[in-house]
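A.B. asks: here you go, sequence then predicted model.
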Amino acid sequence: MLSTAACAGLYLLLRTATGPAAANALALVLAAIGNTAADRQRALAPASAQAQE
């Protein structure tokens with residue numbers, strides 16, 4: 001859900017500068033990179049840190 005909100009926010013920020021198609025592509029790529037980084041941190045976190053959540 002956070003990734004979707006980030007993608008929508010990025011799109012809204014980028015569309016005036018780049019146009020709708022480019023803004024959509026950039027927003028999707030940037031959100032995917034951020035989502036991958038977040039997933040990697042969560043997956044590689046020590047088991048004790050994950051148990052506290």
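C.D. replies: Sure thing, it's come through. Numbers count the residues shown, from 1 in each chain.
A.B. asks: name the helices or strands packed onto the helix ranked longest in the chain?
C.D. replies: Ranked by residue count and defined by DSSP state H, the top helix of the chain is helix 20-44. Under the contact criterion of 3 or more C-beta pairs under 8 Å, 6 or more residues apart in numbering; DSSP states H and E, helix 20-44 touches helix 2-18. Using the backbone N, CA and C atoms, a C-beta is placed for each residue, glycine as well.
A.B. asks: quick check: angle from the helix it packs on to helix 20-44?
C.D. replies: Between helix 2-18 and helix 20-44, the angle comes out at 150 degrees (axes from the mean of the first three to the mean of the last three C-alpha atoms, to 10 degrees).
A.B. asks: in helix 2-18, what's buried?
C.D. replies: Applying a neighbour-count criterion of 16 or more other C-beta atoms under 10 Å, the buried positions in helix 2-18 are 7, 10-11, 14-15.
A.B. asks: count of residues packed around residue 27?
C.D. replies: Neighbour count of residue 27, defined by other C-beta atoms under 10 Å: 21.
A.B. asks: how close does it sit to residue 42?
C.D. replies: Per C-beta to C-beta, to the nearest Å, residue 27 is found 22 Å from residue 42.
A.B. asks: show the contacting residues for the spatially most central residue of the chain.
C.D. replies: Nearest to the geometric centre of the chain sits residue 31, at 2.8 Å (C-alpha atoms, centre = their mean). Residue 31 sits next to 3-4, 6-7, 10 when contact means C-beta atoms under 8 Å, 6 or more residues apart in numbering.
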